[in-house]
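[1] Would you be able to build a 3D model of this:
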Amino acid sequence: MASLQLVSDTYYICFRFAGRRFKRSLKTDRVDRADARRVRLEETLRLVETGRIEVPDDTEDVVEFLLADGKPKWRKPLPPPVKTTPPSPFTLKLAFDEFFKAIPDGNLEQSTLSAMHIHERHLLRAIGSNFAMPNLGVETLQDYVNKRCKQKTRSGTFVSGRTIEKELATLRTVWRWAANTNKVVGPFPRQGLRLPKSKQQPSFQTWQEIERQIELEQLAGQEAAELWDALYLRRLEIDELLAHVHEAALHPFIYPMFVMAAHTGARRSELIRSRRSDFDFEGNTVTIREKKRVRSNESTRRVQLSPTLKAVMHKWLEQDHPGGAHTFCLDGRIPRSRIKEPRAGLSPDQAHDHFERTLKNSKWEKIKGWHCLRHSFISNLASLGIDQRIIDDFVGHTTEQMRRRYRHLFPDVKQAAIDAVFG
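    This is a model prediction of the structure:
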């Protein structure tokens, strides 16, 4: 039972519970209120003893619990759980989107980016945009290879192993970026992947060699086109081509652009990137602005000006150029005095379009692009026995694989070597 004690005008309640004696102030000097609390406490003790009220195990203050009529102390309710949106899965589509977004402007050639976007479309269509990138394995890649090698190109031929390898190289680049940003783990799952055997690209050949092969094998369509892709020109053929361009060009910049390509071995992208300030007529050199030779850096190389190139470029830049920093630009037909603003440079598509328009309906329309002039430049230097180090310096080659691909000797030079030994 409980009892009351009056101490300094304040009533205290005394009781025993679970073998212990407790004394607690009721914080009142009124006997009626104190006695009411005593009666309620005795009733609570009785209910606890009979098991109708249980003291919770986590009760911190038993006395407070009993004085509160066996009710737990009020606690501030916990806030409702915050609804969180689960993180979006790192899909193949998201990987490509974030990869391209992370590339700084000017880091890659526009032609390289365009090719990578083409590869992206094939990969997303075959593997699936929502495929979880971390789940990518050799089984998925093998399934992709098997699907692609059964598909046909616009020309009607099956997709080659070389094309599939380029698409997988793009995917490998995206994977490495994702691994470096902790979005996937481990190396690209290429080990054990089997690709169809690729047909070896035709060796670079002269005009006469290609015509004989087409006639002998009765080639047409894509097979003939592949041979013309491997064309390189002799020096006299280059002169004939430039003479045709001089007559057929619809814009004044076209002829100088052809001459620069033929006499320096510059790539299309390097021609587009060229600036007027790159030409040093007193030093007799032109600076070629590169992007492929030194990874992550914009590098340059210098090529000496041939007499023809020097004369053509001097006339173009000093007399006919419409203004602006770019070496080659549109609207060159308009007199400089009527140009109000400097003209922008060419895009890759514009450069290719003007190349085709200039050679259309002539014997030279078989030439597929600016690159023919690049490896013609290399082959003509090699055929004269020019030191390979000089050729490398002119064109920016850095590996033996590049040298083997683009270095050729004309058939008559090779024949002269055989005749010198066995003739």
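[2] ok, Thr44 - how many residues close by?
    Other residues near Thr44 number 21, with proximity taken as other Cβ atoms under 10 Å. C-beta coordinates here come from the backbone N, C-alpha and C atoms, glycine included.
[3] With Ala416 instead?
    If we define neighbours as other Cβ under 10 Å, then Ala416 has 12 of them.
[4] Phe258 versus Leu233, what's the distance?
    Between Leu233 and Phe258 the distance is 12 Å, computed by Cβ to Cβ, to the nearest Å.
[5] These two: which has the busier surroundings?
    Phe258 (25 against 22).
[6] Not counting its neighbours along the chain, what's nearest His314?
    In this structure, His314 finds its nearest non-sequential neighbour in Phe281, 5.9 Å apart by Cβ to Cβ, 6 or more residues apart in numbering.
[7] Could I get the contacting residues of that neighbour?
    Taking Cβ atoms under 8 Å, 6 or more residues apart in numbering, we find Phe281 in contact with 305, 310, 313-314.
[8] same thing with Ser3?
    By Cβ under 8 Å, 6+ apart, the contact set of Ser3 is 13-15, 38.
[9] residue boundaries of the strands in the stretch 1-150 of the chain?
    Taking DSSP state E, counting those that start in this stretch as the test, the strands found in the stretch 1-150 of the chain are 3-7, 10-17, 20-25.
[10] any idea how far Leu92 is from the most centrally placed residue in the chain?
    Computing the C-alpha centroid of the chain and ranking residues by Cα atoms, centre = their mean puts Phe100 first, at 4.9 Å. Distance, Phe100 to Leu92, by Cβ to Cβ: 13 Å.
[11] Asn182 now?
    In this structure, Asn182 lies at 17 Å from Leu92, with Cβ to Cβ as the measure.
[12] if you count what's nearby, which of these two comes out ahead?
    Summary of the neighbour comparison: Asn182 and Leu92, criterion other Cβ under 10 Å, with Leu92 having more neighbours (22 against 7).
[13] Overlap in contacts, Leu233 and Phe258.
    The overlap between the contact sets of Leu233 and Phe258 (Cβ under 8 Å, 6+ apart) consists of 241, 373.
[14] surely Ile53 meets Leu47?
    Yes - counting by Cβ atoms under 8 Å, Ile53 sits close enough to Leu47 to count as a contact (4.4 Å).
[15] list the residues that contact both of these two?
    Counting by Cβ under 8 Å, 6+ apart, the residues touching both Ile53 and Leu47 are Gly70.
[16] contacting residues for the closest residue to Val259 other than its chain neighbours?
    Closest residue in space to Val259, ignoring its immediate chain neighbours: Val312 at 4.8 Å, by Cβ to Cβ, 6+ apart. Contact partners of Val312, counting by Cβ under 8 Å, 6+ apart, are 255-256, 259.
[17] and if you look at Gly161?
    When the contact criterion is Cβ under 8 Å, 6+ apart, the partners of Gly161 are 149, 195-198.
[18] for Asp393, same thing?
    Contact analysis of Asp393 by Cβ under 8 Å, 6+ apart lists Arg301.
[19] Show the pLDDT at it.
    On pLDDT, Asp393 comes in at 86.
[20] Report the separation between it and Lys366.
    In this structure, Asp393 lies at 31 Å from Lys366, with Cβ to Cβ as the measure.
[21] Next: Ala420.
    With distances defined as Cβ to Cβ, the gap from Ala420 to Lys366 amounts to 33 Å.
[22] With neighbour numbers in mind, choose between these two.
    Counting neighbours by other Cβ under 10 Å for Ala420 and for Lys366 shows that Lys366 has the greater number, 17 against 8.
[23] Assign a three-state SS to the closest residue to that one other than its chain neighbours, would you?
    Using Cβ to Cβ, 6+ apart and skipping residues adjacent in sequence, the residue nearest Lys366 is Trp228, 4.7 Å away. Under the three-state scheme (DSSP: H, G, I helix; E, B strand; the rest coil), Trp228 adopts helix.
[24] quick one, what contacts Trp228?
    Neighbour list for Trp228: 210, 366-368 [criterion: Cβ under 8 Å, 6+ apart].
[25] Out of the residues you listed, which is nearest to Leu6?
    For the contacts of Trp228, the residue nearest Leu6 by Cβ to Cβ is Lys368; the value is 113.4 Å.
[26] Does the closest one touch Asp229 like I think?
    Yes - contact criterion Cβ under 8 Å: Lys368 and Asp229 qualify, at 5.3 Å.
[27] Look up how far Ala248 lies from Val362.
    To be clear, residue 362 is Ser; Val isn't right here. Between Ser362 and Ala248 the distance, using Cβ to Cβ, works out to 7 Å.
[28] should've said Val286
    Val286 sits 25 Å away from Ala248, taking Cβ to Cβ as the criterion.
[29] Tell me which stretches of the stretch 301-423 of the chain form helices.
    Taking DSSP state H, counting those that start in this stretch as the criterion, the stretch 301-423 of the chain contains helices spanning 307-315, 348-359, 371-383, 388-395, 400-406, 411-422.
[30] list the buried ones in the second one?
    Okay, so that is helix 348-359. Under the neighbour-count criterion of 16 or more other Cβ atoms under 10 Å, helix 348-359 has 351-352, 354-355, 358-359 buried.
[31] residues in contact with stretch 93-100?
    For stretch 93-100, contacts defined as Cβ under 8 Å, 6+ apart pick out 88, 113, 116-117, 120, 123-124, 129-130, 133, 173-175, 177-178, 183.
[32] CA-only coordinates of stretch 38-55 in PDB, if you can.
    Only the C-alpha atoms of stretch 38-55 are listed here, as PDB (Å, rounded to 0.1, in the frame of the first residue of the first chain):
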ATOM      1  CA  ARG A  38      -2.400   7.800  -3.600                       C
ATOM      2  CA  VAL A  39      -5.700   6.000  -4.400                       C
ATOM      3  CA  ARG A  40      -5.000   5.900  -8.100                       C
ATOM      4  CA  LEU A  41      -1.400   4.600  -7.500                       C
ATOM      5  CA  GLU A  42      -2.700   1.800  -5.200                       C
ATOM      6  CA  GLU A  43      -5.200   0.800  -8.000                       C
ATOM      7  CA  THR A  44      -2.400   0.800 -10.500                       C
ATOM      8  CA  LEU A  45      -0.200  -1.400  -8.300                       C
ATOM      9  CA  ARG A  46      -3.100  -3.800  -7.900                       C
ATOM     10  CA  LEU A  47      -3.600  -4.100 -11.600                       C
ATOM     11  CA  VAL A  48       0.200  -4.700 -12.100                       C
ATOM     12  CA  GLU A  49       0.200  -7.400  -9.500                       C
ATOM     13  CA  THR A  50      -2.800  -9.100 -11.100                       C
ATOM     14  CA  GLY A  51      -1.200  -8.900 -14.600                       C
ATOM     15  CA  ARG A  52      -3.800  -6.600 -16.100                       C
ATOM     16  CA  ILE A  53      -1.100  -4.000 -16.700                       C
ATOM     17  CA  GLU A  54       2.500  -4.900 -17.700                       C
ATOM     18  CA  VAL A  55       5.500  -2.700 -17.200                       C
END
